[in-house]
Each structure stands twice: as structure tokens, then as C-alpha cells.
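Undergrad: Pasting the sequence and the predicted coordinates here, then a few questions.
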Amino acid sequence: MRVDIVTIFPTFFDVLGVSLIGKARDRGILDMHVHDLRDWTHDRHRTVDDTPYGGGAGMVMKPEPWGEALDDVLSDDAVLLVPSPAGELFSQPMARELADEKHLVFACGRYEGIDQRVVDHYSAGGRVRLVSLGDYVLNGGEVAAMAVIEAVSRLIPGVVGNPESLVEESHELGLLEYPSYTKPAEWRGLEVPPVLLSGNHGAIAAWRHEQSLERTRAHRPDLLTEPDPAA
Ligand SMILES: Nc1cc(-c2ccc3ccn(Cc4ccc(CN5CCCCC5)cc4)c3c2)n[nH]1
């Protein structure tokens, strides 16, 4: 998979060279490129923003630099991902969909966002998805892009050491994950649940499923309600 990121803070993504993603990159599983949006400006101040039509606080990112940058970076195979508070909520199913793509391009906005005509222009020609991390406002798209890149790339064969660990994850089965333990068997007076030391794999699986249900009921009851077919 190829991943391109366009941002006014390209050094923000230096960390990607460190983690698992860095290893996948070195092994040629992931081909990642970061671009500075200002490379597509032509004025002395490398301007990327201006005041909003209709008034309002802050600045909006100009369409011209984005158009020139995305024309250079997009390919026919690409999905253009635009982090936005107004986007569809990112989820594990969406991560699985994106992991099958050949080319992801992230347009990371700043200020109060990107001129809407950029999304409109590219929506006409290809696949564009606005993606939200959740119902809170970040200062820009970079953190969201980083989260999406990590969630997607770890699903690509060869990126994560043990592919089995991808199966029993939170949200992979629609429930929150069960609690995990390792040595020592007793720590600060706290013991490991005896069933986990029993060697009875059936009982362990049943206990883990019950723990997942309990946690989901407590922290994410929304995951347990069936979607209303009439909705
Ligand atoms: N899940 C999630 C993703 C983001 C995200 C993603 C991308 C960008 C680019 C810029 N920002 C900052 C920002 C966006 C919006 C506002 C409010 N809005 C402005 C226009 C008029 C109406 C009100 C304020 C600041 C971003 C924020 N935040 N949270």
C-alpha cells in the first residue's frame, strides 16, 4: 500500500519512521510519503489560508494550493481521506475497508478547515471520504490521519508480527476486549483470575467472553443495541 500525506506540518509524521510502521516501510510493505502543502504555493509568504466568506472566526485554507498538491499526489487508485469534525466516525470496519485499498491520500487541514470546493471537486472525480475521530475538535487533521494510518496499516499482512493478535481485538468482534494479565501471579496483593491459570481453555474462553460482555455493558452499551431496522 502507498500512503501520501499532505500537511503544513510534515515533520509531525517523522514518528512514523520509528514504530511498527517504520519496519513495514523498511520491508516495502508500506510506501509512505509526506508532502508540505506550501511546496504548492507561489507567493513570497507561501500563503495557504485566507478569511472566511460570510464572516466568522479564524481562517480557511485556500483551494488553489490544495488543488495543485492533490493533482500531483492522487492516482486513479487513490482514496482521498479528509479528516474533519464533520466526517463519518472512523471505526474498525472502516479500517478494514481501507486496508484493502492500494493508495490512500490524506489531506490534513489546519485553521478552521479546507475550502469546501476542494472536497467537492475531487468527490466528482473519485472516492473521497471525510473522516472524524470522534465528537471533539482537534486543531487539525494530522492526529486523526496518524490514528487512521496506524489502525489501517496494522491490518496489512506482514506489518504486525503475530496476525492472530488481530483477531481477538476490541471492536473486531463488536465487543470490548477482555482484561489481560501476565507474570507475576500475585502483584501488590492482587492475584491473577484463577481460571487463567487452570489450563482449561474452554473455561478460559468462556470467562474472557463474559468479561468482554461485562465491560461492553459498562463502558459501551451502544455496541450492544441492535441497529433499529426502521431507522
Ligand atoms: N474528529 C475530529 C477531526 C478534527 C479536525 C480535522 C481536521 C481539521 C482541520 C482544521 N481543524 C480545526 C477545526 C475544525 C473545525 C472547527 C469548527 N468549525 C470551523 C468552520 C466553521 C464552523 C465551525 C474548528 C477547528 C480540524 C479538526 N477534529 N476532530
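TA: It's in. In this text the structure is predicted, and so the values were computed from the model without any measurement. Residues are numbered from 1 along each chain as shown.
Undergrad: what's the burial count for residue 40?
TA: 20 (other Cβ atoms under 10 Å). C-beta: built from backbone N, CA, C; applies to glycine.
Undergrad: for it, what are its contacts?
TA: For residue 40, the contacting residues are 65, 66, 68, 69, 72, by Cβ atoms under 8 Å, 6 or more residues apart in numbering.
Undergrad: how much space between the closest residue to residue 111 other than its chain neighbours and the ligand?
TA: Once flanking residues are discounted, residue 111 sits nearest to residue 59: 4.4 Å by Cβ to Cβ, 6 or more residues apart in numbering. In this structure, residue 59 and the ligand are 10 Å apart, going by Cβ to the nearest ligand atom, to the nearest Å.
Undergrad: Next, work out how far apart residue 17 and the ligand are.
TA: Noted for residue 17: a distance of 23 Å to the ligand, by Cβ to the nearest ligand atom.
Undergrad: quick one: low-confidence ranges for this protein?
TA: Applying pLDDT under 70 to the chain flags the ranges 161-172, 231.
Undergrad: For residue 190, grab phi and psi.
TA: Dihedral pair for residue 190: phi -100, psi 130, per degrees, to the nearest 10.
Undergrad: go on, residue 53?
TA: phi -60, psi 140.
Undergrad: longest strand of the chain?
TA: Determined from DSSP state E, the single longest strand within the chain is strand 78-89.
Undergrad: Packing partners of it?
TA: On a contact count with 3 or more Cβ pairs under 8 Å, 6 or more residues apart in numbering; DSSP states H and E, strand 78-89 meets helix 92-99, strand 103-107, strand 127-132, helix 142-153.
Undergrad: can you list contacts of that strand?
TA: So strand 78-89 is contacted by 4, 70, 74, 94, 98, 101-109, 113-114, 119, 122, 126-135, 137-138, 140-142, 144-145, 148 (Cβ under 8 Å, 6+ apart).
Undergrad: then it to PDB, C-alphas only?
TA: This file holds the C-alpha atoms of strand 78-89, laid out as PDB (Å, rounded to 0.1, in the frame of the first residue of the first chain):
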ATOM      1  CA  ALA A  78      -6.400   6.500  -4.600                       C
ATOM      2  CA  VAL A  79      -9.000   7.100  -1.900                       C
ATOM      3  CA  LEU A  80      -8.800  10.700  -0.700                       C
ATOM      4  CA  LEU A  81      -9.200  10.900   3.100                       C
ATOM      5  CA  VAL A  82     -10.000  14.300   4.600                       C
ATOM      6  CA  PRO A  83     -10.000  14.300   8.400                       C
ATOM      7  CA  SER A  84     -12.900  16.600   9.600                       C
ATOM      8  CA  PRO A  85     -15.100  17.000  12.700                       C
ATOM      9  CA  ALA A  86     -18.000  16.700  10.100                       C
ATOM     10  CA  GLY A  87     -16.800  13.300   8.800                       C
ATOM     11  CA  GLU A  88     -18.000   9.800   9.200                       C
ATOM     12  CA  LEU A  89     -16.900   8.300  12.500                       C
END
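Undergrad: What are the neighbouring residues in contact with the closest residue to residue 29 other than its chain neighbours?
TA: Using Cβ to Cβ, 6+ apart and skipping the chain neighbours, the partner closest in space to residue 29 is residue 158 (4.8 Å). Applying Cβ under 8 Å, 6+ apart, we find residue 158 in contact with 24, 27, 29.
Undergrad: Can you tell me how far residue 158 is from residue 26?
TA: For residue 158, the distance to residue 26 equals 12 Å [Cβ to Cβ, to the nearest Å].
Undergrad: Having no further points to raise, I will conclude here.
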